[in-house]
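Peer 1: prediction below, plus the sequence it came from.
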Amino acid sequence: MKRIAIIAGGVVVVLVAGVFVVLATVDINQYKGVIQDQVAAATGRTLTIEGELELSVSLSPAIELNGVRFQNAEWGSRSDMAVIERIEASVPLLPLVFGNIEVRRLALINPDILLERNAQGQANREFQSEETVADAEAEASALAISAIEIDGAILAFKDAQAKSDVSATLDRLRVNISGDLLAPDVQRVALDNLAATLTSAGDETEITVSSLELEAASGGTDVSLDSVVAGQAIGAEGQVGPLGRLVTMDGDFPVKLSLNLAGFEFDADLIADLAVTRPKISGSVTSDTIDLTKLPPAEEATDKLFPADPIPMDALTAVDADIDIEIGRVVLVKALALTDAKLNLSLDNGKFSQTQTANLAGGSISSDVVFSAPAGNITIKATGSGMSSEVLAKDLDATDVITDGALDFDLNLKGGGKSVAALMASLDGAVVGGMGEARIRNDAINLAGADFLAQLMSKINPFSDQEEFTVAQCAVVNLQVQDGVARSEKGIAFVSDRMEITSSGTINLAEEKLSLNIRPKAKEGLGIGMGKLVQIVKISGPLSNPGIGIDAAGAVKSLGSIAGAFATGGASLLAEGALERGQSSGDTCEAARTWHLAKK
């Protein structure tokens, strides 16, 4: 046996020596045409090698191709899919003797690569060739690449179908692999200085990855990421599954990462099932605190609040999910925060479901949202109870502004559409909320800088400058929504010890406009006259910037009443006020909560 091994070893040495001698004496440039013909046969595209082929002879010969161009698809936006200054490949001799091709190192120097898809969904990486899939797989299984290196790359992806573009530059990429190309085992990925711009619907997003390190470890892959997306730092540390599974799409892919997303810290413990038709992600995400006040200032509001951009329905059908999220504290504004927030996000073949519970302002809220793609049907249910206006004000740094004031709300809406604007324009249902007894300090009515509210209250409450407090007995908002229009027929009410204020009108979500008439009415004394003077207030205009003006019809009626008062020495005004009080019966807030029932 030992003698046979010695003989076999001697044969290998002779073969390798023979190959070495051949390589040292042959002009490799004579094979340039052969290489180009082989690529054309395999892809149906032209490979052009403008420069010289160079060969460095050793036990692991290095081949250089200079000035390489690879033809783009006929429909492509430019003539070349790839332009590469230099390609270097190091191929050991010994495996070649036994018919195996092992590329120890494949390097692309200053490549300019374009990937694109046309409006019909064809990709320029789909090749036309005489080679069958079986042939291609057989050849790929005989080819192994140990290391891929890319330096100074320009990369682009154009998607005419999705109307989006990505352009990027990359300083350095190193990838170490074991196994064949059909089932690679990625051992290490190191990336430095990737700068990309994503353009979609006219909006640009800048992405910078300073460094990305992926290293094979026991049971998975260690991850270290340092990047910036749209000006926000994104970082990750932890471990994920073997990267090769993302290529073969086989088995489970665990993800255990500590994430820093724009200053928000999360711990993710997820697992992706890649072996099914639609990959499914399940697991949990937790965080101690999410402070939304740390987000960058919002862009200046446009005339439209609800975007008309299509909702990406395809994305909702590409993957399934079942993820539990727990956040100890979500800071909304100043000290106002959700606590013990628990969410479940579910995605099942395009059906998105979200359930949530949390504590807010001394009470609790819950919500359920279901959205189904591709139809775009949505249902939204939310309730809140046990909340306190006093706690709410204190959380907004408005101490001693209001005392008591129990809060509740109930929201039940449904609709359908393929954009946020379309969904809002289709909504049906109701939004009802209320406040119990409270004591409000008049000089602090501009709570949290609410200048609009302060201006409104100064117009409709003639007693606000005369008394220190307003004793609120109740307040109600009851909006009935049909075909995207929220209506109130005295369904908005505020009752104090001196005033009753009701409001009727519409909020058109399709046109993003509102028109609400506000009718204050004094309960006693000379307030009758004052009520006549202020009942002409109207809020109208776009939702993004409503204004306070005069209700023309109400103004004419009020002026007529005032003129009559002058003619009768005030008697007619007093009589009219008495008549209104006589006609008014029952609880104004209760009437506001139930006004829609009388319409049925």
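Peer 2: Sure, I can see it. Residues are numbered from 1 along each chain as shown.

Peer 1: give me the low-pLDDT residue ranges for this structure?
Peer 2: 1-27, 57-60, 93-101, 128-143, 179-184, 298-302, 442-467, 523-536, 550-586, 599-600 (pLDDT under 70).

Peer 1: break it down into its structural domains.
Peer 2: Using automatic domain parsing, the domain parsing of the chain gives 2-266+275-281, 427-599.

Peer 1: tell me the buried residues in stretch 76-90?
Peer 2: 76, 80-90 (16 or more other C-beta atoms under 10 Å). Where you see a C-beta, it was placed from the backbone N, CA and C, and this is true even at glycine.

Peer 1: need the residues that contact that stretch.
Peer 2: 45, 51, 60-73, 103-116, 124-125, 158 (C-beta atoms under 8 Å, 6 or more residues apart in numbering).

Peer 1: pull the distance from it to the chain's centre.
Peer 2: From the chain centre to the centre of stretch 76-90 is a distance of 35 Å (C-alpha atoms, centre = their mean, to the nearest Å).

Peer 1: and the strands in the stretch 301-450 of the chain, which stretches?
Peer 2: 320-333, 336-348, 351-360, 363-372, 377-388, 402-404, 406-416, 428-435, 438-441 (DSSP state E, counting those that start in this stretch).

Peer 1: mind listing what Ser146 touches?
Peer 2: For Ser146, counting by C-beta under 8 Å, 6+ apart, the contacting residues are 102-105, 176-178.

Peer 1: ok, of those, which come out buried?
Peer 2: Among the contacts of Ser146, the ones that count as buried (16+ other C-beta under 10 Å) are 102-103, 176-177.

Peer 1: Ser56: which of these is nearest?
Peer 2: Closest approach to Ser56 among the buried ones among the contacts of Ser146 (C-beta to C-beta): Val103, at 14.7 Å.

Peer 1: how near is the closest one to Ala592?
Peer 2: 77 Å (C-beta to C-beta, to the nearest Å).

Peer 1: likewise Leu170?
Peer 2: Distance from Leu170 to Ala592, by C-beta to C-beta: 62 Å.

Peer 1: which of these two has more neighbours?
Peer 2: Per other C-beta atoms under 10 Å, whichever of Leu170 and Ala592 has more neighbours is Ala592, with 26 against 19.

Peer 1: show me what the one helix or strand that one maps to is in contact with.
Peer 2: Taking DSSP states H and E as the definition, Ala592 sits inside helix 588-594. With contacts defined as C-beta under 8 Å, 6+ apart, helix 588-594 is touched by 432, 434, 473-478, 490-493, 495, 500, 502.

Peer 1: and stretch 47-56, by the same measure?
Peer 2: Against stretch 47-56 from outside (C-beta under 8 Å, 6+ apart): 23, 28-29, 31-32, 35-36, 39-40, 61-71, 86.

Peer 1: among the residues you listed, name the ones in helices.
Peer 2: 23, 32, 35-36, 39-40 (DSSP state H).

Peer 1: which of these lies closest to Ala358?
Peer 2: Looking across those and measuring by C-beta to C-beta, the closest to Ala358 is Val39, at 59.6 Å.

Peer 1: that closest one: neighbouring residues, count only.
Peer 2: 19.

Peer 1: got it, and the one 3 residues further on?
Peer 2: Burial of Ala42, expressed as a neighbour count using other C-beta under 10 Å, amounts to 16.

Peer 1: ok so it is a helix residue?
Peer 2: Yes: Ala42: assigned to a helix according to DSSP: H, G, I helix; E, B strand; the rest coil.

Peer 1: Gln354 versus that one, what's the distance?
Peer 2: 48 Å.

Peer 1: what's the answer for Ser346, then?
Peer 2: 8 Å.

Peer 1: show me which of the contacts of stretch 76-90 are buried.
Peer 2: Judged by 16+ other C-beta under 10 Å, buried ones among the contacts of stretch 76-90: 45, 61-66, 68-73, 103, 106-109, 111-114, 116, 124, 158.

Peer 1: so of the buried ones among the contacts of Ser146, which ones are in strands?
Peer 2: 102-103, 176-177 (DSSP state E).

Peer 1: with distance to Ala382 added, can I get these in a markdown table?
Peer 2: Below are these laid out as a markdown table (distance: C-beta to C-beta, whole Å):
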| residue | distance to Ala382 |
| --- | --- |
| Glu102 | 61 |
| Val103 | 59 |
| Asn176 | 51 |
| Ile177 | 50 |
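
Peer 1: now, the most widely separated pair of those residues?
Peer 2: It's Glu102 and Asn176 that sit farthest apart of those, by C-beta to C-beta, at 13.6 Å.

Peer 1: ok now do Asp291, which residues does it touch?
Peer 2: 263-264, 331.

Peer 1: what bridges to Val103?
Peer 2: Ile145 (DSSP bridges).

Peer 1: quick one, phi psi at the closest residue to Trp75 other than its chain neighbours?
Peer 2: Distances taken as C-beta to C-beta, 6 or more residues apart in numbering put Asn118 closest to Trp75, at 5.4 Å, once the chain neighbours are dropped. Dihedral angles of Asn118 (phi, psi; degrees, to the nearest 10) stand at phi -90, psi 180.

Peer 1: how deep is Asn118 tucked in, by neighbour count?
Peer 2: Neighbour tally, Asn118, other C-beta under 10 Å: 16.

Peer 1: adjust the sequence numbering to begin at 211 for everything that follows.
Peer 2: Let's use 211 as the start, then, which means that last one is Asn328.

Peer 1: that one and Ala372, how far apart?
Peer 2: 11 Å.
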